[in-house]
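# sequence and predicted structure below; questions after.
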Amino acid sequence: MSAPDLLGRIAGPADVKALPPAALPELAAQIRRRLIDVVSRTGGHLGPNLGVVELTIALHRVFDAPRDRIVWDTGHQSYVHKMLTGRADRLGTLRTAGGLSGYPCRAESPHDLVENSHASTALSYADGLARGLELTGQRRHTVAVVGDGALTGGMAWEALNNIGAARRRVVIVLNDNGRSYDETVGALHAHLTALRQDAAGNTDHSTDGNTAGDADGSAPNLLRILGFGYVGPVDGHDLRALDTALRRAHDAHGPVVVHVVTSKGNGYAPAEQDPADRMHTVSPAPKPTAVTGDPPPAPKQAWTDVFGDELVAIGEERADVVALTAAMRLPAGLGAFGDRFPHRLVDVGIAEQHAVTCAAGLASVGLHPVVAVYSTFLGRAFDQVLMDVGLHRLPVTFVLDRAGVTGPDGPSHHGMWDVSLLQGVPGLRLAAPRDAVRLRELLREALAHESGPTVLRYPKGSAPAPVPLHSRVGSLDVLTPRRLHSQVLLVSSGPMATVAVAAAARLAELGVPATVVDPRWTHPITADLMSLVSEHDLVITLEDNAIGGGLGAALSVAAHRAGLGTRVIPLGLPVDFLPVGERDELLRACGLDVEGVLHTVTDALWRGAHWSAPDGGERPLLPDPLLQM
Ligand SMILES: Cc1ncc(C[n+]2csc(CCOP(=O)(O)OP(=O)(O)O)c2C)c(N)n1
Ligand SMILES: CC(=O)[C@@H](O)[C@H](O)COP(=O)(O)O
Ligand SMILES: [Mg+2]
């Protein structure tokens, strides 16, 4: 006889609490089966969620969420939490437009508090929540679940410094699986390992009564030194041990850390044995394609792999090039470089601010560091780019992967603010390659620039087919035949070139000659670009960045200051938090596809009485993204 569908009866934590302890292993098994079945189709963070099945069950049995506040650091491991708070039936919509977010989402549930997927923020939220609950007289618990990787982030230690001193009740659940993507690096990881080994070797786990009950190990415990009660190490897959440990923490009179030891990918051999990253992120199952008999499309190369391949070639030629990663060696494309030059790859943990200023130190002694991070994560290190690198005019090259719309990871992952932030750094040069050929070319140009910071940015996914140039003007590539009296200039940044060239072809059919130019180095604006702008009536810029403070904004200001009569219309992403969605869909919605360019050009020309639609009809107006600013 098959086991009852326990998961199907969970509408919220009360139903989890109502289950007898004997039923919990079956519930955990059903959750695991659902995770594997669904996430292997939708894609997502399978490994991290398999690692917190028992922990999440125990948390929702011991604490009374949502009155007690439970905060998930990074939030990528919150699928089980969602299943136990009434959303198990919607797990199949994970990471799709209109479906469940892959991170906590306040619109989905009062149980979800922090939507930001940037690591190392949960303890700061917890400090604020605990202070706020105290100030408003609410005697509730605050619980922060933080991974050992997230604990390598600077913000986490700023929070520990405050929480440990305040003597306020905060429960910190340290989910220690020894890994970020790779094995977690640094002295903290070594310390946590020592605590685990000490507890394993020390059979006397006596507890002293006045704190929350501690392993009475011999190793000095940094967390206890900072003023925290310490419970653990606890087997994070033993429901009974978890229950006992969390109840001790629940009853503690001050801040307490529950050191939970889990394994990423637990219970699923392909994940447990995955050498790369224990299936930290799995891709969606490929969509079936119709059998057409046509030859399969040529395999495309990922932007990340093009970068990684070219950096190895450069590394062979230049001993001064060193690479830095913030716990994302493989996702950021540094795997091959690290294998070839292990002593020239620096993994600082999830510590982008440290990575940037460490790079400044490396550059100060004559090296040329390459800091490879996702665009969205560089935001937290802006001050370090501006003051520790920019102010000192140091030759550091930033390679920003996942720049622009990423898609399934939602609003805190779209890399859409880097251009806006970085255009404010004096002396910084920024490039956006339009294809793999230009990525290789521009990476070399960036590494040849020694008088200040340089930046390359490219999106998630595969590089498009090469977009050849027709002519080079200074450092600009003109991508269409130079036409006399072309009314319209399309200035495309990076992979928007593919859209711009296709739009120019369509405009030509409509009797509107257009020139397409790819600046390659989009910041600062060059005299050659301004000269081209001055030769045209209408300029449309296309960029996969927020319109505010982007390329189009800079070009508009430059044209205005030069007294040009040219109208500049920036096309880009609205200054807004874009939802989960497919990259192409989101770009289309922002007018960054061929139809969007056509509408913008024809509407502008028609309004300017330069052009009337062939059908003489009204031009449909695009929603103006700027109106959302
Ligand atoms: C600031 C920042 N940098 C990088 C990332 C990418 N990232 C997502 S999860 C992860 C590893 C997290 O490790 P840990 O906190 O130990 O959680 P686990 O996956 O092991 O459960 C990283 C580096 C991020 N989300 N935020
Ligand atoms: C949670 C997190 O920040 C990363 O794991 C992110 O999901 C990676 O995204 P990619 O899948 O684009 O590498
Ligand atoms: Mg971890």
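Nice, I can see it. Ligands and ions are numbered 1, 2, ... in the order given.

# nearest residue to residue 435 in space, please, no chain neighbours.
residue 466 (4.7 Å; C-beta to C-beta, 6 or more residues apart in numbering). Where you see a C-beta, it was placed from the backbone N, CA and C, and this is true even at glycine.

# what's the neighbour count on the one you found?
Burial measure for residue 466: 12 neighbouring residues, criterion other C-beta atoms under 10 Å.

# so which bits of this structure are right by ligand 3?
Proximity of the chain to ligand 3 (C-beta under 5 Å from the ion) is limited to residues 147-149, 177, 179.

# how about 6 Å then?
147-149, 177, 179-180 (C-beta under 6 Å from the ion).

# which residue ranges form the helices in the stretch 101-250 of the chain?
All helices of the stretch 101-250 of the chain, identified by DSSP state H, counting those that start in this stretch, fall at 122-135, 154-166, 187-201, 222-225, 239-250.

# select the longest strand from the protein.
strand 538-546 (DSSP state E).

# which elements pack onto that one?
helix 418-422, strand 488-492, helix 496-509, helix 551-561, strand 567-573, helix 594-607 (3 or more C-beta pairs under 8 Å, 6 or more residues apart in numbering; DSSP states H and E).

# same list (the residues of the chain next to ligand 3) but as TSV, adding distance to ligand 2, pLDDT and neighbour count.
Formatted as TSV, the residues of the chain next to ligand 3 follow (distance: C-beta to the nearest ligand atom, whole Å; pLDDT from 0 to 100; neighbours: other C-beta atoms under 10 Å):
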residue	distance to ligand 2	pLDDT	neighbour count
147	10	98	32
148	15	98	25
149	10	98	28
177	14	98	24
179	12	97	23
180	9	97	26
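
# filter the residues you listed down to the ones close to ligand 1.
147-149, 177, 179-180 (C-beta under 6 Å from any ligand atom).

# restricted to strands, list those residues.
Short answer: these in strands (DSSP E) are residue 147.

# if we can go back for a sec, buried deepest among the helices and strands packed on strand 538-546, which one?
Greatest average neighbour count among these goes to strand 488-492 (a mean of 29), per mean count of other C-beta atoms under 10 Å.

# can you pull the phi/psi pair for the residue nearest the centre of the chain?
By C-alpha atoms, centre = their mean, the chain has its centre lying nearest to residue 413, at 3.8 Å. With angles defined as degrees, to the nearest 10, residue 413 sits at phi -120, psi -20.

# contacts only, for it.
117, 374, 376, 402, 406 (C-beta atoms under 8 Å, 6 or more residues apart in numbering).

# any chance of JSON lines for those, columns secondary structure and pLDDT?
Formatted as JSON lines, the contacts of residue 413 follow (DSSP: H, G, I helix; E, B strand; the rest coil; pLDDT from 0 to 100):
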{"residue": "117", "secondary structure": "coil", "pLDDT": "98"}
{"residue": "374", "secondary structure": "strand", "pLDDT": "98"}
{"residue": "376", "secondary structure": "helix", "pLDDT": "98"}
{"residue": "402", "secondary structure": "coil", "pLDDT": "98"}
{"residue": "406", "secondary structure": "coil", "pLDDT": "97"}
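
# can you pick out the most distant pair from those residues?
Spatially, the most separated pair among the contacts of residue 413 is 117 and 402, at 11.8 Å (C-beta to C-beta).

# what about the stretch 351-500 of the chain, any weak spots by pLDDT?
The stretch 351-500 of the chain contains residues with pLDDT under 70 at 484-485.

# in contact with residue 265, which residues?
46-47, 50-51, 271-272, 274, 278-279 are the contacts of residue 265 under C-beta under 8 Å, 6+ apart.

# give me the local confidence score for it.
We have a pLDDT of 98 for residue 265.

# now it: closest residue in space that isn't a chain neighbour?
That would be residue 271: by C-beta to C-beta, 6+ apart, it lies 2.8 Å from residue 265.

# tally up the residues packed near the one you found, please.
Using other C-beta under 10 Å, residue 271 has 24 neighbouring residues.

# so which residues on the stretch 1-150 of the chain come close to ligand 1?
Of all the residues in the stretch 1-150 of the chain, those lying near ligand 1 are 48, 51, 74, 76-77, 117-119, 147-150, going by C-beta under 6 Å from any ligand atom.

# if you rank those residues by neighbours, which is first?
residue 147 (32 neighbours).

# point me to the residue of the stretch 451-600 of the chain nearest ligand 2.
As assessed by C-beta to the nearest ligand atom, ligand 2 sits closest to residue 460 within the stretch 451-600 of the chain, at 5.1 Å.

# residue 140 reaches residue 68, doesn't it?
Yes. Between residue 140 and residue 68 there is a contact at 5.2 Å, judged by C-beta atoms under 8 Å.

# so how many other residues sit close to the residue of the stretch 401-550 of the chain found nearest ligand 3?
The stretch 401-550 of the chain approaches ligand 3 most closely through residue 409 (18.0 Å), counting by C-beta to the ion. Using other C-beta under 10 Å, residue 409 has 22 other residues around it.

# which ones are touching it?
By C-beta under 8 Å, 6+ apart, the contact set of residue 409 is 95, 102-103, 117, 580.

# doesn't it lie inside a strand?
No. Membership of residue 409 in a strand is not supported by DSSP: H, G, I helix; E, B strand; the rest coil, which gives coil.
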